[in-house]
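J.: Whatever this is, show me its structure:
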Amino acid sequence: MKKLLYCVLCITGLLFCSISCMEEQDFDQIDDLNITPTLASGIFYLESDEQTINSAGALGSFYFQEVTFKAFNEQYVAERLIEGTITYEMENTTSKTLRIIVEFLNEGGGVLDVERFDIEANSPSVVERSVFYGVGGKNIDILSNTSSLRVTADNLGDGSSVSSDGDPKVIFRSGAEFLFQLK
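T.: Here you go, the predicted structure:
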């Protein structure tokens, strides 16, 4: 009798499970998933004191460097780049007017784009400029084809004056945010 009751309860339990609120699983949901991560990164940092700028002389170049930029060297990544923003921050407490030029170079060394910054002397506040790439901005292919950046800084002032600031220097830095489509 106990065996019969046990069997009836098991069959009733299985019957309830089969007609309960179970729903068929849809594993095709991945097709509806839209992933667009944002990657943020620093690109370069330039800092120079006034003594170094003076040693370059009037109208002389005090900084020159080519920075490797292989963020998009994988075709898979470059093809999925949707947009990007590069933000530049400048601060100049020296007595010199300066010009900083950033050139975007392709694999062969050809110039894809140029950003030019004329920085006034004795400007202790940080000046920020953002450059947008993608729809409504510069061509996104500039970023996806860039393999290095060439940064040049020139003294547009004299080679002898000294700022009254306690620690006169120029600081120029950049950072970027990139948006990708991973699907």
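J.: For residue 133, list each beta-bridge partner.
T.: residue 84, residue 138 (DSSP bridges).
J.: Contact partners for it?
T.: Residues near residue 133 by C-beta atoms under 8 Å, 6 or more residues apart in numbering: 83-86, 139-140, 142-143. Every C-beta, even on glycine, is put in place using the N, C-alpha and C of the backbone.
J.: Then residue 125?
T.: Residue 125 touches residue 91, counting by C-beta under 8 Å, 6+ apart.
J.: Would you mind measuring from residue 41 to residue 177?
T.: Taking C-beta to C-beta, to the nearest Å as the measure, residue 41 falls 8 Å from residue 177.
J.: again with residue 127
T.: With the distance defined as C-beta to C-beta, residue 127 ends up 19 Å from residue 177.
J.: can you check residue 149 too?
T.: In terms of C-beta to C-beta, residue 149 sits 16 Å off from residue 177.
J.: For my notes, please list the contacts of residue 133 in CSV and give distance to residue 156 for each entry.
T.: Below are the contacts of residue 133 laid out as CSV (distance: C-beta to C-beta, whole Å):
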residue, distance to residue 156
83, 33
84, 30
85, 28
86, 23
139, 30
140, 32
142, 27
143, 29
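J.: Save the residues you listed as CSV, and put in distance to residue 158 and neighbour count too.
T.: Shown next, in CSV, are these (distance: C-beta to C-beta, whole Å; neighbours: other C-beta atoms under 10 Å):
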residue, distance to residue 158, neighbour count
83, 42, 19
84, 38, 24
85, 36, 17
86, 31, 21
139, 39, 12
140, 41, 18
142, 36, 16
143, 37, 23
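J.: which residues of this structure score low on pLDDT?
T.: 1-2, 14-37, 39, 73, 76, 182-183 (pLDDT under 70).
J.: circling back: if you count what's nearby, which of residue 41 and residue 177 comes out ahead?
T.: Between residue 41 and residue 177, residue 177 has the larger neighbour count (other C-beta atoms under 10 Å), namely 14 against 10.
J.: The more buried one is in what secondary structure piece?
T.: Using DSSP states H and E, residue 177 maps to strand 169-180.
J.: That strand pairs with which strands, and in what direction?
T.: Assessed with DSSP bridges, strand 169-180 is paired to strand 38-49 (antiparallel), strand 81-92 (antiparallel).
J.: ranking those strands by burial, who's on top?
T.: strand 81-92 (a mean of 19; mean count of other C-beta atoms under 10 Å).
J.: ranges for the strands of this protein?
T.: Along the chain, counting by DSSP state E, strands occupy 38-49, 61-68, 81-92, 98-105, 111-119, 123-133, 148-155, 169-180.
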